[in-house]
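[1] After the sequence you'll find the predicted model.
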Amino acid sequence: MTGEVPASGPATVVGPRPFRAIVGSTMRSILGRRRTLLVLLFLAVPILLALLARSLPGGAGQQEAVIGILDSLVVRVVLPLVALLIGTAVIGAEVDDGTIVFLLVNPVARWEIVAAKLLVAEVVTLLLVVPVTALTGAILVAGDPSVSSSIATGFAAGVAVGAAVYVAIFVAMSVLTSRALVLGLGYVLIWEGFLASLFAGTRNLSVREYTLSIAQQVAGVDLTAGQAIAWELAVVMSIVVFLAAVAIAIRRLASFSITGGG
């Protein structure tokens, strides 16, 4: 299906270095949105809960409890939702309100637009979720000889990979539909939260499973009670899904056409 955007209003010239200009404008747009403040407040939750867990008698408890907190709170909730909020904002907002036309009328390759937007979303998401994951894990394992200190490192590494894949998916989703935020939330809650873990085969199509598998490999500790997919498969599938999402986003944006206002 060919998307059409009206050629009304003044064109925005991105200058002789379009990639850098798009990155800069997207970064300013992301940092200026109210949803970014919501994301920052949201990211404080796992840190505060980790501090609360440490303040309770017995600290965070056994190693299984630490793994459970990082998995259920960070991997299942914080990681996909932050990626969703950031990933759907970099292009989706411009597509929804029609201002994407001011970028498309410039002589800039569509793949370059997607690459610039994706770069901003990836960098912002990684800078937000990876340090929070590492800090949360460090708080939970600090001073507890019964808990492996490598768990925090493993989860941080897994979350970095998961964030990259999630962001690519949500950027593509925002180009495909104006309801990317709603559909993305459904994907996170229904597929990643429930359906993907029901059968061994469906785990191969779950970003959460890629995240946990890589985290387990880096940590050197069983984080999934023996249910993790092979880490080699997790790496390959992460790359495949990432590239497929980017290709879909570029193809869809390339199908947008500028029509004269008559």
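    Nice, thanks for sending it over.
[2] Poorly predicted segments of the chain, please.
    Scanning the chain for pLDDT under 70 picks out 1-16, 32-33, 57-61, 95-99, 102, 146, 257-262.
[3] Not counting sequence-adjacent ones, nearest residue to Trp191?
    Nearest residue to Trp191 in three dimensions, chain neighbours excluded: Ser206, at 7.4 Å (Cβ to Cβ, 6 or more residues apart in numbering). Glycine gets a C-beta too; all of them are placed from N, C-alpha and C.
[4] phi, psi of that neighbour?
    Main-chain torsions, Ser206, degrees, to the nearest 10: phi -120, psi 120.
[5] Also Leu70?
    Per degrees, to the nearest 10, the backbone of Leu70 is at phi -70, psi -40.
[6] what's near enough to touch it?
    For Leu70, the contact set (Cβ atoms under 8 Å, 6 or more residues apart in numbering) comprises Thr133, Thr136, Gly137, Leu140, Ile151, Phe155.
[7] Relative to Val241, how far out is Leu81?
    To Val241, Leu81 is 18 Å away according to Cβ to Cβ, to the nearest Å.
[8] just Leu56 next, same as before
    Distance from Leu56 to Val241, by Cβ to Cβ: 39 Å.
[9] who's in contact with stretch 124-134?
    Counting contacts by Cβ under 8 Å, 6+ apart, the residues outside stretch 124-134 that touch it are 27, 30, 39-40, 43, 46-47, 70, 74, 78-79, 82-83, 86-87, 152-153, 155-156, 159-160, 163-164, 166-167.
[10] Okay, and which of those map to helices?
    27, 30, 39-40, 43, 46-47, 79, 82-83, 86-87, 152-153, 155-156, 159-160, 163-164, 166-167 (DSSP state H).
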